[in-house]
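[1] Okay, structure incoming, though there's no sequence with it:
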């Protein structure tokens, strides 16, 4: 039996924070040690998130490196640009870090600065950070000190395109990712656009001219396949709380390929990716609360365009669950420890 | 002042039926004469649809040609395959018909039979029926005895692709229509899949292998542009009641074209199509209850793929409202008579 | 034909503001003259509310008395405490005012100060203001310079209890109003609690210890019936956008009364109150977008407690629609001018 | 360590069925042995409920006593009137039974027949069945062969009223239960009224004249307190999937009582009832997916009416979770075995 892992969470008042708490409070080998929030310091966590009553006894504390040095691993569930200020000191103190924000996702500081409109505080760490998509980078994650947890859309889109690109079955240019997300992806922040009265009974696209997950996806697929990628990526807001559905379109390069088999073979051993049988389509509720990606492939009308459909829970496989998966890998635990909850349906 | 038009509705217990009633009850030149339903005969309409209390005094009656012969125009809001049984007799009696179902949308009987799995009862009428998309066929509709009201997806997709195809600005092959619809599009029928507990808080695609609006869209775009069309069409179900959002992707053929101007020029005179200013994106609630299509065009990252986004209310511009628009044209009324209600937001 | 009425709106960026605009833009005898917003001055109204594109051409302007003096009537759709700062100057200039906030709803300044935690800026106007519930105060509204438009809950609860209290059929103490509202009642403000991800798929009570509509309801029922009222009032938040449903419970005093007849008689002439036939229950969607209150009465198990159920659209009969009704009365127009839109169902 | 319990489920295609499967598949001491469905016999369970893929390998089988005799316990998740046909044979074979329907909830056959409009098939078992509300009947459940699992509303209402009645703090007559439920309470059945397009964005009461949980609640409270109960019970449908919120009103009898302490004392030892601190109000999402009842008490305006607010997940503490709790008691397992999942929020 491994020893208990002491865990800290920075920025625990958002949706990825409460989801980390839900998963970690049920994890058999984790001790929640510290959870920080500047705005809520002193307030019991369970007062903010009543689902955690009698399960998480901690109160929020002021964020400081001192508080976090005693942890074995610290999760950053903060806005972009926060983790990069503190991570160097933590790493120096021997603490491992999983950043759920975007600070360490892109390897090129110039690209990062272009998309995030900030100068990077520790560009020297970008090449050292491991991109935490277990299905691509399992071994590297095992040895990582610093893991960049992937974006939610980026997780689903990469898992959907990768097997086909790897097999050479589709073109690398003219790819399209039409993506749909529930509103929890926008975070627990008081923005007019995600009020129930604004986003309910409504459907719209956003950031059509450019979304920050675009360079992340292109970088990931290029690393995984060695090929430059031409991708059009349009995100949409769905009037629901949790869930991402991506519909991917690709020009078929090898029309004799067995597309179903390509997926089945690629993910056969993966505990968190479920390739659906031919003809079955995924739905977001089938992964609600679960650390799963369910995925299907179809070739409509036996035409020249292949369609891939994949779903994840944006807060679990798209954020907190994948972060715990990464922690499990980093500490040699069973990969799905604390992640075996069944999706809530209906 | 034009004379009052006597209107009949066949199959008034579904959502297109109640929406027709809402619009026609507020129409300045319409007299509701008869509304039929086999299952609800004898029951006051307003008992089924309490929003119509004190506004529609009719009761449902048994459907029969005799009942309908006194009408100037009859709307069929019936399941596919019903109108074609009765329409020949009505036309023979001099009654004009707008069919909101699919019976007269396809010109080729063999294609119709292939997609609808029924033998057509009056194939000789297929070439005579006018496809009721006013933006394409205004003059033909004015003189029509029989109008085939377009499908909801088909309306939005055609309005979105047409200007670009007509201008030669995009390719005619490799087109993609990623379409999202609220559940009222599935009708007022007791199907498990559209229960609130099944379709709420959920997002999924359906009919990926083939949807009946596909041949309709291809036929329409080919007629309008004289070009064969290669289209991949994937519909999705959104957890909301009303609204369709289509996201269209097309390979750019003429990269020097002014795409915004192409749309603005094409629809400048159209009372029911609103081209949004550059940079603004449409949302379904902006047309809730209104007979409008709002439409935008973007070229992300100045790349090789053009993106068109269009929204309609599936029950209005996608069904009942467009049917009333067609009636207005057929009877020489102002085009937007009875159709000037402002969308309900929020 | 009456002359056109020049209308101003102060604070037009909230939900009551956009609803006023929707109704007034369709009103046959209104000219929208000015709409103010400090935060959005200079911005076209239709940019904020795309449902109004091509229907409302105004831009927001800075609020000032000078701008508003040219109006015949000014609607205040502002937060509580704003109207009372400007209304005296407008009244002095001969402009009539309908305040949709609470500034003039309570007649006693001390009670107002107790519930709204502000000193009233013009307590001398409180006795002059007419409480704008047309069903109770029609004649007084006709002659009013200043109308206090009722609160949304207050409208439904008073319409539900009044006929029974007036008839002496129920007790005046031990009354219970269990009220449920869609989230648009909380306004278009960026509060965490009304995010889709917080209020969606959730149901909760709020302000159980005391809600500001309580003294308003008690005052109104006491004025209308001459009896002191003992009421327990608990509001709840429903995961939907529009609609209020109140469920009222009262000890029966006269068990021989014909409760159905009491309601039917009381509201027979009222254009905006619809008493449902015995056995039929109201639902909020039957009044979505319409200026109607639908109401039913039941005596379960022939017991000692009477149950009244009433629904309104909180933004229409509970706010903007009732305000327009009041304006129609004040200017001698047909009562339902601009208010005859049929509810949107589904 | 206790041996593994062999479990059968009859009628596993509804929402209580899938929820039982979710809980039991994660239960440390359960072996799922058989799940029956007449309509879906032969179909893998995970095909119907994709959240169970790779977690439940069973296929539905035809229901027959023979199939179920090998089980230690059988759960009936069937419509009312089914269990009573099979249960005598199972009990005779030594199998224990938990019925999630209403067949054994009422002790008096005449009352049962009056409310369920069926003659009871085994009235002799009614007195032998134990009413499975662990907080009231823990010891009796431990020894029971046949447990009648309480209704969802009945669970929340009884837990809310009981402590106050037991303490003599409220009257026993003039009680009011205003209850609100998500639509999953209506089951997975193709009824028009629970379509998303009918029940979404809508709020309404139903069964105001009489709901079957009324006699169950009255019987339970009378048994628990020895007092006859006068209750008015009005259920409402909320546009959400899971969750019940009950708002209870009672005339205060002892105005000096410490109501908060009465609840705290009553439920201090209960693992599945959480009394909130004074001033905090419950919300349904705080128990989504969890076997918890959260409860609060308030005395608005220090008046004569006490208000109790309680929430449960109708499918968990209101059905499947409570059934597993009963099983745990019947087999001497830790009470919360398999029931320690944290609620999913948001």
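    All right, it came through fine. Since the structure is predicted, the reported quantities are computational estimates derived from the model, not experimental observations. Residues are numbered from 1 along each chain as shown, chains lettered A, B, ... in the order given.
[2] residue boundaries of the helices in chain A?
    A:15-25, A:45-48, A:65-68, A:83-92, A:109-116, A:134-142, A:152-166, A:196-199, A:213-225, A:259-267, A:321-330 (DSSP state H).
[3] Just the buried positions in the helix or strand bottoming out on mean pLDDT in chain A, please.
    With mean pLDDT, DSSP states H and E as the measure, the helix or strand of chain A carrying the lowest mean pLDDT is helix A:65-68 (a mean of 84). Neighbour counts over helix A:65-68 (16 or more other Cβ atoms under 10 Å in any protein chain shown) mark A:65, A:67-68 as buried. Using the backbone N, CA and C atoms, a C-beta is placed for each residue, glycine as well.
[4] got the residues you listed as CSV, with distance to chain D columns?
    Formatted as CSV, the buried residues of helix A:65-68 follow (distance: Cβ to the nearest Cβ, whole Å):
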residue, distance to chain D
A:65, 29
A:67, 25
A:68, 24
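[5] Look up how far residue D:275 lies from the residue of the stretch 151-300 of chain A found nearest chain D.
    As assessed by Cβ to the nearest Cβ, chain D sits closest to residue A:286 within the stretch 151-300 of chain A, at 4.0 Å. In this view, residue A:286 and residue D:275 are 35 Å apart by Cβ to Cβ, to the nearest Å.
[6] and if you look at residue A:100?
    Distance of residue A:100 to residue D:275, computed by Cβ to Cβ: 34 Å.
[7] same thing with residue A:166?
    Separation of residue A:166 from residue D:275 (Cβ to Cβ) stands at 56 Å.
[8] who has more neighbours, the two?
    Per other Cβ atoms under 10 Å in any protein chain shown, whichever of residue A:166 and residue D:275 has more neighbours is residue D:275, with 24 against 15.
[9] ok, and the closest non-adjacent residue to the more buried one?
    Once flanking residues are discounted, residue D:275 sits nearest to residue D:263: 4.6 Å by Cβ to Cβ, 6 or more residues apart in numbering or on different chains.
[10] check contacts around the one you found.
    Shown in contact with residue D:263 (Cβ atoms under 8 Å, 6 or more residues apart in numbering or on different chains): D:163, D:275, D:295, D:297.
[11] want to try CSV for the residues you listed, with pLDDT as columns?
    Output for the contacts of residue D:263, formatted as CSV (pLDDT from 0 to 100):
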residue, pLDDT
D:163, 97
D:275, 98
D:295, 98
D:297, 98
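[12] The closest residue to chain C within the stretch 1-150 of chain A: how many residues sit nearby?
    Using Cβ to the nearest Cβ, residue A:15 is the residue of the stretch 1-150 of chain A that sits closest to chain C, at 6.9 Å. Look at residue A:15: counted by other Cβ under 10 Å, it has 26 neighbours.
[13] do you know how far it is from chain B?
    Distance of residue A:15 to chain B, computed by Cβ to the nearest Cβ, to the nearest Å: 15 Å.
[14] Quick check: that residue touching residue C:197?
    Yes - Residue A:15 is in contact with residue C:197 according to Cβ atoms under 8 Å; the separation is 6.9 Å.
[15] hey, what's in contact with both of the two?
    A:184, A:188, D:346.
[16] Please enumerate the strands of chain A.
    Ranges of strands in chain A, per DSSP state E, are A:5-10, A:30-36, A:73-76, A:96-99, A:130-131, A:146-148, A:175-182, A:204-205, A:231-238, A:244-251, A:273-275, A:293-298, A:305-312.
[17] Show me what residue A:273 is bridged to.
    residue A:293 (DSSP bridges).
[18] Local confidence estimate at residue A:1?
    Residue A:1 is assigned 45 on the pLDDT scale.
[19] From the chain's centroid, how far away is stretch A:27-35?
    Put simply, stretch A:27-35 sits 20 Å off its chain's centre (Cα atoms, centre = their mean, to the nearest Å).
[20] And the residue of the stretch 151-300 of chain A closest to chain D, how far from residue D:72?
    Using Cβ to Cβ, one gets 30 Å for the distance from residue A:286 to residue D:72.
[21] neighbour-wise, which of those two wins?
    Taking other Cβ under 10 Å, residue A:286 and residue D:72 do not tie; residue A:286 has more neighbours (24 against 19).
[22] Now that that one has come up, it's in contact with residue A:312, right?
    No - look at residue A:286 against residue A:312 with Cβ under 8 Å: they stay out of range, at 10.4 Å.
[23] which residues are common contacts for these two?
    Both residue A:286 and residue A:312 are contacted by residue A:292, under the criterion Cβ under 8 Å, 6+ apart.
[24] quick revisit: tell me who's in contact with the residue of the stretch 1-150 of chain A closest to chain C.
    Residue A:15 is in contact with A:184, A:187-188, A:315, A:319, C:197, D:346, counting by Cβ under 8 Å, 6+ apart.
[25] So is stretch A:235-253 next to chain B?
    Yes - counting by Cβ under 8 Å from any Cβ of the partner chain, chain B is contacted by stretch A:235-253 at A:236, A:238-243, A:245, A:247, A:249, A:251.
[26] list the buried ones in that stretch?
    Buried residues in stretch A:235-253 (16+ other Cβ under 10 Å): A:235-253.
[27] Could you do stretch A:251-267 as well?
    For stretch A:251-267, by 16+ other Cβ under 10 Å, it's A:251-253, A:257, A:259-260, A:262-264, A:266-267.
[28] just to revisit the earlier point, adding distance to residue D:326, write the strands of chain A out as a markdown table.
    Putting the strands of chain A into a markdown table (distance: least, Cβ to Cβ, whole Å) gives the following:
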| stretch | distance to residue D:326 |
| --- | --- |
| strand A:5-10 | 36 |
| strand A:30-36 | 31 |
| strand A:73-76 | 38 |
| strand A:96-99 | 41 |
| strand A:130-131 | 48 |
| strand A:146-148 | 44 |
| strand A:175-182 | 35 |
| strand A:204-205 | 47 |
| strand A:231-238 | 38 |
| strand A:244-251 | 38 |
| strand A:273-275 | 33 |
| strand A:293-298 | 33 |
| strand A:305-312 | 35 |
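[29] nearest to residue C:61, of those strands?
    Among those, the nearest to residue C:61 by Cβ to Cβ is strand A:204-205 (28.4 Å).
[30] Determine the set of other helices and strands touching the closest one.
    Applying 3 or more Cβ pairs under 8 Å, 6 or more residues apart in numbering or on different chains; DSSP states H and E, we find strand A:204-205 packed against strand A:231-238, strand B:244-251.
[31] quick one, which of the helices of chain A is nearest to residue D:9?
    Closest among these, using Cβ to Cβ: helix A:15-25, at 27.4 Å.
[32] buried ones in that closest one?
    A:15-25.
[33] got it, and stretch A:271-283?
    Buried residues in stretch A:271-283, counted by 16+ other Cβ under 10 Å: A:271-276, A:281-283.
[34] near chain D, which residues of the stretch 151-300 of chain A show up?
    A:184, A:188, A:200-201, A:241-242, A:274, A:276, A:280, A:282-283, A:285-290, A:294.
[35] Tell me which residue in the stretch 51-200 of chain A sits closest to chain D.
    Nearest residue of the stretch 51-200 of chain A to chain D (Cβ to the nearest Cβ) works out as residue A:51 at 3.7 Å.
[36] Noted, bye for now.
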